[in-house]
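Colleague: starting from these lines, generate the structure:
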Amino acid sequence: MNNYFLKKLNICICAAVTAFFLFSCTTSEPEITYGFIKLVVYQGEDKKPQEQFSFFIMPNDEDGFENLGELYLYHDKEQLRWQMKSDDWMRYTYDGKDWIGTRSITVSEGSLPRGVFRAVLVNKGGESTERNFTYDGTVRYPFPELSISHDTYSVNSKWPLNRLVCYDAAGNYISTVTLDSLSGGVSQLRLSSNVKTVALWTEDESNFCSAFTDVVPIN
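Modeller: Okay, the predicted model is just below:
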């Protein structure tokens with residue numbers, strides 16, 4: 001094998017190795033395909049309603065879902081920031097699409113801000129993307145109430161949609177039942193025999209707002 005051929009071979013190998021590393025190190029920005037902010041009002045301390053945001057996005061990354069690293073939500077006007085890391089965020093799949101986010105966006109005092117929010121998604125390669133979301137919803141109805149006594153349930157609610165969320169004795173979720181009537185017999189709801197507690201979940205879907213009561217035991 002002559003020296004000219006060896007030189008040509010070395011050049012080809014070096015070019016191939018360089019191309020491989022360039023291709024392997026290529027990074028691309030993640031995408032926020034879609035997202036939403038929803039206001040949820042809970043029963044806080046002393047039974048006072050407490051606001052929380054549920055914030056979820058549908059992400060996309062060419063290097064795979066596991067390449068996503070951090071998700072931030074900013075409210076620049078109020079100088080607020082919430083951070084979610086890949087080990088902490090919630091993930092669920094709906095209609096074949098993956099969503100990530102949290103149901104625990106809160107502030108230490110007062111109500112959550114309204115207006116424009118900025119979401120920033122960062123992958124593990126340091127590439128990022130951002131997208132703005134706007135939430136201007138208001139709580140249009142009083143906080144609902146649920147009581148159960150002697151196999152009879154009673155709901156005090158002005159909300160358009162009312163559901164019972166059912167749990168077993170250990171607090172594990174079992175099912176959700178939509179209420180056609182705000183009062184009636186518990187037996188008529190045909191709950192599973194292992195349902196031991198229920199909470200009332202009300203929704204104002206057009207306003208992206210809902211309320212969630214404390215659990216009540218099934219007598």
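
Colleague: quick one: low-confidence ranges for this structure?
Modeller: 1-27 (pLDDT under 70).

Colleague: now the helices for it?
Modeller: 3-24 (DSSP state H).

Colleague: how does the chain divide into domains?
Modeller: The record's domain parsing of the chain by automatic domain parsing lists 31-135, 145-217.

Colleague: turn these into a markdown table, including mean neighbour count.
Modeller: The way it works is simple: take the backbone N, C-alpha and C, and place the C-beta from them, glycine included. Below are the domains of the chain laid out as a markdown table (neighbours: other CB atoms under 10 Å):
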| stretch | mean neighbour count |
| --- | --- |
| domain 31-135 | 15 |
| domain 145-217 | 15 |
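
Colleague: quick check: Gln52 touching Val40?
Modeller: Yes. Between Gln52 and Val40 there is a contact at 5.1 Å, judged by CB atoms under 8 Å.

Colleague: overlap in contacts of the two?
Modeller: Arg103 (CB atoms under 8 Å, 6 or more residues apart in numbering).

Colleague: these two touch, right, Asn162 and Val198?
Modeller: No. Using CB under 8 Å, Asn162 is not in contact with Val198, being 11.7 Å away.

Colleague: surely Gln83 meets Phe55?
Modeller: No. Using CB under 8 Å, Gln83 is not in contact with Phe55; the gap is 11.8 Å.

Colleague: residue contacts, Ser206?
Modeller: Applying CB under 8 Å, 6+ apart to Ser206 gives no contacts.

Colleague: mind checking how far it is from Pro160?
Modeller: For Ser206, the distance to Pro160 equals 8 Å [CB to CB, to the nearest Å].

Colleague: Ile100 too?
Modeller: Applying CB to CB to Ile100 and Pro160 gives a distance of 29 Å.

Colleague: which residues does Gly101 bridge with?
Modeller: Phe56, Met90 (DSSP bridges).

Colleague: how about it, what does it touch?
Modeller: Taking CB under 8 Å, 6+ apart as the test, what Gly101 contacts is 35, 54-57, 71, 84, 89-90.
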